[in-house]
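Undergrad: Whatever this is, show me its structure:
(one chain, ligands or ions: 1)
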Amino acid sequence: MGECNTCPSGETCSKDKDKCMLEFNSLSNVKKIIGVMSGKGGVGKSTVSALVAKHLSEEGYKVGVLDADITGPSIPRLLGVSKEKVMVSDNVMYPAKTKDNISVMSLNLLMDESQPVIWRGPMIAGVVKQFWTDTYWAELDYLIIDMPPGTGDVALTVMQSIPIDGVVMVSIPQDMVSMIVSKAVSMAKQMNINVYGVVENMSYIKCPDCDKKIKLFSDEESDKFLQDMDLELLGELPMVKSVSGLEKNTDKPLDEDVKEVMENIASKILKKATN
Ligand SMILES: Nc1ncnc2c1ncn2[C@@H]1O[C@H](COP(=O)(O)OP(=O)(O)OP(=O)(O)O)[C@@H](O)[C@H]1O
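TA: As a prediction, the model looks like this:
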């Protein structure tokens, strides 16, 4: 259902509120849609989207990833399908499949990845909408959306036209980043989208000699951010080589400690999504 109070068309719109969301192609059946958002660039939104998708798939769920980060699409590389292409037939797009059977839709699977996307907002938003309406997602338990960066018109259109069940916020423990991420949190709340909680990425590094966790920023700042925004911490992901090199190691299992963190994050997300 559309959210009239946040819609730019406001009172001038004559649409039936119940029919405001985009229609989904009738060949697909997606049970839950989870957005991964940040507000601030480069904090690990796409990395977390890919890690959550991989983990859910390992748990036996049918998973898809819609790469709505149209101007900086990195999902195909992170999931090891950057050499694949999307098949289009009779106006239906068929997503690429990873080795572990995750369905992936991204602009980089439709065009040369070295070409920039020099498009205005409405065109970008139009493509994201098509990734929802014209893609044969088939049967999915979870569709993860790597959300458009920021809180601008593309993110707004996606939130208003795709029935997202909840969003996971990605942040890093730094005051300035928290301030910007809090804008994305407020945006989701204003759109009546459930915010499942925050993944604190690059939370710490581990000493290679003694395994001690080294935090680069004070816990106080992150605690205050979570408290002020009334958010649950879903997990703290360390800054590690295996994650920064994810695209080169798509077939390799994750480090044990990253795996454990992801297990906890995914189980919290599932609990929230199925509540
Ligand atoms: N936990 C981590 N440890 C090490 N490197 C990381 C971690 N998380 C992300 N990175 C690296 O940080 C960079 C940015 O990550 P990513 O592309 O996921 O961020 P993003 O928020 O999606 O960025 P954008 O704003 O461009 O969409 C990437 O090079 C990624 O490999």
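Undergrad: Which residues of the protein lie near the ligand?
TA: By C-beta under 6 Å from any ligand atom, the residues of the chain that approach the ligand are 38, 41-47, 69, 72, 74, 149, 201-202, 237, 239-240, 243-244. Glycine gets a C-beta too; all of them are placed from N, C-alpha and C.
Undergrad: tally of neighbours for Lys252?
TA: By the criterion of other C-beta atoms under 10 Å, Lys252 has 10 neighbours.
Undergrad: May I have the secondary structure class of the nearest residue to it once chain neighbours are set aside?
TA: Nearest non-adjacent residue to Lys252, counting by C-beta to C-beta, 6 or more residues apart in numbering: Ser242, 7.7 Å away. The three-state assignment at Ser242 reads helix, by DSSP: H, G, I helix; E, B strand; the rest coil.
Undergrad: Surely Ser242 and Asp255 touch.
TA: Yes - with contacts counted by C-beta atoms under 8 Å, Ser242 reaches Asp255, the gap being 4.8 Å.
Undergrad: what residues are up against the single nearest residue of the stretch 51-200 of the chain relative to the ligand?
TA: Residue nearest to the ligand within the stretch 51-200 of the chain (C-beta to the nearest ligand atom): Gly72, separated by 4.2 Å. Residues in contact with Gly72 (C-beta atoms under 8 Å, 6 or more residues apart in numbering) are 41, 46, 149.
Undergrad: hang on, the earlier thing: which ones among the residues of the chain next to the ligand lie within helices?
TA: Among these, the residues falling in helices (DSSP state H) are 45-47, 243-244.
Undergrad: Sort out which of those residues are buried, if you could.
TA: In these, burial by neighbour count holds for 45-47, 243, counting by 16 or more other C-beta atoms under 10 Å.
Undergrad: ok, back up a step: could you dump the contacts of Gly72 into a markdown table and include distance to Pro122?
TA: Converted to a markdown table, the contacts of Gly72 look like this (distance: C-beta to C-beta, whole Å):
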| residue | distance to Pro122 |
| --- | --- |
| Gly41 | 21 |
| Ser46 | 23 |
| Pro149 | 17 |
